[in-house]
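> Have a look at this prediction, sequence included:
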Amino acid sequence: MAQSIKTITDKARFETIFKNYFANKDVFIKTKSGNITVHFLGYLEENVAFRIPHVKNIKDSITVFLRHQSHTIYALLKFLERNEDTFIFLPVKMQVISEERKEDRMLVGSEGGTNVIYLTGVMSDLAIKNEIMVNDKKVEHVKEIVQFDLQKQFDNVKVYFISEGKSDQRMKSLVERDRPIFVPDLNTDPPDKLKDDYHYYINEIYSKDYRLSSVKEYISEALVPILYKGIIPYGYLQVNNKLPLTDGLFAVVKRMGVVISELFRKYNLFIPADDRFLVSDLSRNGIGIAFKDRRQTRFFRQDGLVLFEVLLPTQKKAVIGAIVKNVNFLENGVIKVGMQIHKMDPISEVNYEEFLDEMQ
């Protein structure tokens, strides 16, 4: 999290900030597809000029930013005019967000070097979503199997997939908290080990599920993720009962979540990409890659989840789930993607940690 956020609206300070921090620096503009490199040209009479190559149209307001030491400086700009690839803006406000990087990234070799590391076998949550959408018959068949197996034990059974479009609070919970939720009985105080889940469920899920909270028909719920290779959640299994749920019934639901994942694996719907990416830097919590083919950006959507294999020089590999934090388009044609490591299986974690220890 950011340690501090400072907002600047005093126009008298804009010129100093632009000239001291934006001149001859790596500055980016945020776009839907990623961050594009722009060039600060100058500040005059309360207007600022940037060269923005390869852009035909621009919004009325844009945000440019750069990173300086432990600070990220954002400038909100109102578009005024353009001359070819030179754009004139009126600065509206600036924000300086301070956040210390938790660790240093280790740079690794470029292609042809001794410490070259590649990332391969990429699968993204967006690719999974698209495959589910075009295989609706198989998806419905899975749902029918689950309903048939569980409807005798539970009063309400729901299978949800990310292809269903609408924002879903339960799906958001499973992505952010990375664990199932078990609420055995809403009418009794939960044991200590379940108190966190209980209060989160009441405040963030139950209160926002108007169908459940208004009718008050069910008093218990078990919620488990449906996972790709045990890492990327792409749906969930939800059951509710009019009576309390036991640990044994919760175990039944968790097993069925695994069964659903296995059914999709047997259908062979999710095929990892053959593309190979050069790793530019890495750390215990993050990894960066670099490439030039713009078509390969389809795997990396900002804030999206991806899973991939890192082929280590130790002849071992690490299967890693990560969150895409930034996609930067540099002027030299290189595209850099930065990712935050989200999850690894135990063997991959050991392999990755051993390699990092050897690098230090």
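Perfect, thanks for sending it. Numbering: from 1, shown residues only.
> Show me the shaky parts of the stretch 251-360 of the chain.
Where the stretch 251-360 of the chain drops to pLDDT under 70, the residues are 360.
> ok, which stretches of it are strands?
Assigned by DSSP state E, counting those that start in this stretch, the stretch 251-360 of the chain shows strands spanning 276-282, 286-291, 305-311, 317-329, 335-344.
> So in that sheet, which strands flank the third one, and in what orientation?
Applying DSSP bridges, strand 305-311 is found paired with strand 118-124 (antiparallel), strand 317-329 (antiparallel).
> thinking again about what came up before, right, so of the strands of the stretch 251-360 of the chain, which gets closest to residue 116?
Comparison of the strands of the stretch 251-360 of the chain against residue 116 by Cβ to Cβ identifies strand 276-282 as nearest, at 7.1 Å. The way it works is simple: take the backbone N, C-alpha and C, and place the C-beta from them, glycine included.
> Just want the angle from that closest one to strand 286-291.
When axes from the mean of the first three to the mean of the last three Cα atoms, to 10 degrees is applied, the directions of strand 276-282 and strand 286-291 differ by 140 degrees.
> Now mean neighbour count and distance to residue 200 too, for the strands paired with strand 305-311, in TSV please.
TSV is the format used below for those (neighbours: other Cβ atoms under 10 Å; distance: least, Cβ to Cβ, whole Å):
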stretch	mean neighbour count	distance to residue 200
strand 118-124	20	27
strand 317-329	20	20
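> what about the helices in the stretch 101-250 of the chain?
Along the stretch 101-250 of the chain, counting by DSSP state H, counting those that start in this stretch, helices occupy 125-134, 136-150, 169-177, 195-200, 210-215, 247-267.
> Now tabulate those in TSV and tack on distance to residue 292 and mean neighbour count.
Formatted as TSV, the helices of the stretch 101-250 of the chain follow (distance: least, Cβ to Cβ, whole Å; neighbours: other Cβ atoms under 10 Å):
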stretch	distance to residue 292	mean neighbour count
helix 125-134	21	18
helix 136-150	36	14
helix 169-177	31	17
helix 195-200	44	15
helix 210-215	49	11
helix 247-267	33	16
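> could you dump those to JSON lines with distance to residue 343?
JSON lines is the format used below for these (distance: least, Cβ to Cβ, whole Å):
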{"stretch": "helix 125-134", "distance to residue 343": "13"}
{"stretch": "helix 136-150", "distance to residue 343": "24"}
{"stretch": "helix 169-177", "distance to residue 343": "11"}
{"stretch": "helix 195-200", "distance to residue 343": "19"}
{"stretch": "helix 210-215", "distance to residue 343": "29"}
{"stretch": "helix 247-267", "distance to residue 343": "15"}
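> Residue 327: which of those helices is closest?
helix 125-134 (13.0 Å).
> Disregarding residues adjacent in the polypeptide, which is nearest to residue 49?
Nearest non-adjacent residue to residue 49, counting by Cβ to Cβ, 6 or more residues apart in numbering: residue 41, 4.1 Å away.
> Check the secondary structure at that neighbour for me.
Applying DSSP: H, G, I helix; E, B strand; the rest coil to residue 41 yields a three-state assignment of strand.
> number of nearby residues for it?
15 (other Cβ atoms under 10 Å).
> separation between residue 70 and residue 4?
10 Å (Cβ to Cβ, to the nearest Å).
> Show me the common contact partners of these two, please.
residue 98 (Cβ atoms under 8 Å, 6 or more residues apart in numbering).
> Can you report phi and psi for the residue of the chain positioned farthest from its centre?
The outermost residue of the chain relative to its centre, with distances by Cα atoms, centre = their mean, is residue 45 at 40.6 Å. Per-residue torsions, residue 45: phi 50, psi 50 (degrees, to the nearest 10).
> Do a quick rundown of the strands in the stretch 1-150 of the chain.
Going by DSSP E, counting those that start in this stretch, the stretch 1-150 of the chain shows strands at 4-8, 27-30, 35-44, 47-51, 61-68, 71-83, 86-98, 106-107, 118-124.
> So which of those is nearest residue 147?
Once these are compared by Cβ to Cβ, strand 118-124 is nearest, at 27.4 Å.
> Could you quantify the relative orientation of that closest one and helix 125-134 as an angle?
40 degrees.
> what angle sits between strand 118-124 and strand 335-344?
Using the same axes, to 10 degrees: strand 118-124 against strand 335-344 is 70 degrees.
> neighbouring contacts of stretch 192-203?
With contact meaning Cβ under 8 Å, 6+ apart, stretch 192-203 is reached by 173, 177, 181, 182, 183, 184, 186, 190, 221.
> Residue 16: which of those is nearest?
Nearest to residue 16 among these, with distances taken as Cβ to Cβ, is residue 177, at 43.4 Å.
> measure that closest one to residue 204 for me?
In terms of Cβ to Cβ, residue 177 sits 10 Å off from residue 204.
> mind listing what residue 279 touches?
108, 117, 118, 119, 287, 288, 289, 310.
> Tell me the spacing between the closest residue to the last one other than its chain neighbours and residue 44.
Distances taken as Cβ to Cβ, 6+ apart place residue 318 nearest to residue 310, at 4.7 Å, with adjacent residues excluded. Plainly put, residue 318 is 51 Å away from residue 44 if you go by Cβ to Cβ.
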